[in-house]
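1. A predicted structure for the sequence below; I have some questions about it.
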Amino acid sequence: MIQVAILSRRLREGKTYEDFRKAWYHTVGFGTANRMLTVINATDPREVIVIGLTEIDLESFEAGLNIDVKERLDHSFDDVIEPDIGRTFGLLVSEDDFSAEGAIGYKPPTVGGEEIDLDRFMGDLTKVASTIAGVSARRDRLKAQRDEEKGAR
């Protein structure tokens, strides 16, 4: 299955996309098929949106999330972006191609040419949501601890 992450960040005043890219760029890969699409908002060039598409299985999903948590904690870019981050996570439920000209008949949801069992999909989605919530809480605790240690110095 393909996990989709959409993260929206706003550059601090005076910072550039290149500043963001240097701070954001991963130094460790996920070990699975992954594509990151970065978008700069046409009406607000300080908004940077990253769309991540990662091939996952439920057994190894948490390990991949932990790689990202470690990257963000080890390579903070708080001085480049504003504190508020928009986060949306989900699973890819269908790939549709509307390139053809003219009428197109309905087809059930498919990914990689395979029809999606929506009942199974919803069960997997629930498991993914639970995993994300757990890892996010851990990330927030570790970040708060790191920030507290910085403040004590």
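-> The structure has been received and is ready for your questions. Numbering: from 1, shown residues only.

2. can you give me the strands in this structure?
-> Counting by DSSP state E, one finds strands in the chain at the ranges 2-10, 34-40, 47-55, 86-91, 110-111, 114-115.

3. List of residues touching the helix or strand of the chain with the lowest mean pLDDT?
-> Of all helical and strand segments in the chain, the minimum by mean pLDDT, DSSP states H and E falls on helix 61-74, at a mean of 83. Applying CB atoms under 8 Å, 6 or more residues apart in numbering, the contact partners of helix 61-74 are 3, 26-28, 30-32, 54, 56, 128, 131-132, 134-135, 138-139, 142-143, 146. For the C-beta atoms, the positions are set from N, CA and C on the backbone; glycine is no exception.

4. what sits against the residue nearest the centre of the chain?
-> In the chain, the residue lying closest to the centroid (CA atoms, centre = their mean) is residue 5, at 2.7 Å. Residues counted as contacts of residue 5 (CB under 8 Å, 6+ apart) are 50-52, 54, 87-89.

5. Just the buried subset of these, please.
-> 52, 54, 89 (16 or more other CB atoms under 10 Å).

6. Mind listing what's buried along the lengthiest helix in the chain?
-> As assigned by DSSP state H, the longest helix anywhere in the chain is helix 118-152. For helix 118-152, the neighbour count (16+ other CB under 10 Å) marks 121, 124-125, 128, 131-132, 135, 139 as buried.

7. State the pair within these that is farthest apart.
-> 121 and 139 (26.0 Å; CB to CB).

8. which stretches of the chain have low pLDDT?
-> 153 (pLDDT under 70).

9. Apply 90 and report the result again.
-> Low-confidence segments of the chain (pLDDT under 90): 26-32, 56-78, 83, 139-140, 143-144, 146-153.

10. Quick one: the buried ones among the contacts of residue 5 as a markdown table, columns for distance to residue 102 too.
-> Converted to a markdown table, those look like this (distance: CB to CB, whole Å):
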| residue | distance to residue 102 |
| --- | --- |
| 52 | 34 |
| 54 | 35 |
| 89 | 36 |
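
11. Closest one of the residues you listed to residue 115?
-> When the buried ones among the contacts of residue 5 are compared against residue 115 (criterion: CB to CB), the nearest one is residue 54, at 21.7 Å.
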